[in-house]
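1. Show me how the following folds:
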Amino acid sequence: MEKHVFLRTAAAIFMMVAAALASGGAEAAFNTDLVGQTAVTSFGEMISALEFQPAADDAEGVWILSAPDGDAAFWWRKEAKESGLSGEYLCFNADPFIDAGLDVGKLPMEMRMMFEERGNLMAGKKSSKEPPEYDGEMTPVSSFEQIVKLDRESIGYHAALDHYGVTVADGYVFEWAKDMGKNDKDIVFVVDPKIFIDAGVDPSKVDGWAYAKVPLEDARGRKFEAYKFLKAFDLK
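-> From the prediction side, this is the model:
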């Protein structure tokens with residue numbers, strides 16, 4: 001499966017982050033990471049613009065940001081939980097994909113099991129690194145800041161759309177605009193189409209999702225395009 005790769009910062013910034021990690025841990029790294037800090041700031045602005053604020057699911061240990069149409073959601077870790085998911089996921093309604101030909105039995109085992117358990121399609125990962133440590137109140141933004149501090153490699157910048165994003169799994173990303181005043185795609189749910197097409201989906205018939213080429217860049221800076229399922233919303 002081809003990877004949805006974001007543009008990364010210059011090598012010099014990575015060297016600064018690495019040096020900070022060596023000398024002062026995640027907090028020191030965050031303090032030198034301008035991209036990470038701006039991702040947190042813009043994430044907070046996006047949260048403020050939502051009509052409905054993210055919901056806390058304490059049993060799962062996550063915050064849940066639902067799309068305005070209710071057919072997709074971004075989950076991210078609120079606190080460490082032995083049970084529950086407590087990680088980063090995209091969760092989306094299976095019905096449009098089933099109506100477009102999806103044979104759930106042909107999905108990868110993990111996704112099929114998640115569907116059988118929860119009734120939705122989900123992609124992502126449970127956080128396996130150290131638990132978040134809060135200086136103050138647990139909020140959707142402070143929990144997102146913990147991702148930047150503890151799982152920095154999952155945060156990226158997509159220059160073609162001027163978006164920041166969290167990669168929850170290869171090809172599955174939640175993105176938001178760096179500047180909502182200059183962007184008509186304030187939040188975007190990005191889903192890799194390959195496993196769904198392999199499982200019988202006609203990509204042109206998935207209601208509520210655009211099937212389109214997205215400009216990307218690989219780890220070496222080489223530009224390319226790849227098809228994705230996209231669900232985008234303008235919040236302002």
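2. would residue 137 count as being in a helix?
-> No - secondary structure assignment places residue 137 outside any helix; it is coil (DSSP: H, G, I helix; E, B strand; the rest coil).
3. buried stuff in the longest strand that the chain contains?
-> When every strand of the chain is counted residue by residue (DSSP state E), the longest turns out to be strand 223-233. Judged by neighbour count (16 or more other CB atoms under 10 Å), strand 223-233 contains these buried residues: 226, 228-233. Yep, even glycine has a C-beta here, placed from its N, CA and C like the rest.
4. so what does it touch, helix or strand wise?
-> For strand 223-233, the contact count by 3 or more CB pairs under 8 Å, 6 or more residues apart in numbering; DSSP states H and E identifies strand 187-191, strand 210-217 as packing neighbours.
5. which residues of the chain fall in strands?
-> Listed in chain order, the strands found in the chain under DSSP E are 55-57, 62-66, 72-77, 87-92, 121-126, 155-158, 163-169, 172-177, 187-191, 210-217, 223-233.
6. So which bits of the shortest one are buried?
-> Of the residues in strand 55-57, 56-57 count as buried by neighbour count, 16+ other CB under 10 Å.
7. Partner strands of it and their direction?
-> Using DSSP bridges, strand 55-57 pairs in its sheet with strand 62-66 (antiparallel).
8. just the fifth one next, same as before
-> Strands that pair with strand 121-126, judged by DSSP bridges, come out as strand 87-92 (antiparallel).
9. Now do the strand it pairs with: distance to the chain's middle.
-> Here strand 87-92 is found 7 Å from its chain centre; the criterion is CA atoms, centre = their mean, to the nearest Å.
10. picking that back up, okay, the longest strand of the chain in CSV with CA atoms only?
-> What follows is strand 223-233, C-alpha atoms only, in CSV (Å, rounded to 0.1, in the frame of the first residue of the first chain):
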residue,chain,number,x,y,z
LYS,A,223,6.1,14.9,-6.0
PHE,A,224,3.4,12.4,-7.1
GLU,A,225,-0.4,12.1,-7.2
ALA,A,226,-2.5,9.3,-5.7
TYR,A,227,-6.3,8.7,-5.5
LYS,A,228,-8.0,9.1,-2.1
PHE,A,229,-11.4,9.1,-0.7
LEU,A,230,-12.0,12.6,0.7
LYS,A,231,-14.7,14.1,2.9
ALA,A,232,-14.1,17.8,3.3
PHE,A,233,-15.9,20.6,5.2
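11. OK, contacts around residue 120?
-> Contacts for residue 120 (CB atoms under 8 Å, 6 or more residues apart in numbering) come out as 91-94, 114.
12. typed the wrong thing, it's residue 141
-> If you count contacts by CB under 8 Å, 6+ apart, then residue 141 has 40, 43-44, 47 around it.
13. Distance of it relative to residue 199?
-> Separation of residue 141 from residue 199 (CB to CB, to the nearest Å): 36 Å.
14. what do you get for residue 164?
-> As for residue 164, its distance to residue 199 is 30 Å (criterion: CB to CB).
15. More neighbours: which of the two?
-> More neighbours sit around residue 164 than around the other of residue 164 and residue 199, counting by other CB atoms under 10 Å; the figures are 25 against 18.
16. Give the bridge partners for that one, please.
-> Under the criterion DSSP bridges, residue 164 forms beta bridges with residue 157, residue 176.
17. does it really touch residue 44, like I thought?
-> No - under the criterion of CB atoms under 8 Å, residue 164 is not in contact with residue 44, lying 11.5 Å apart.
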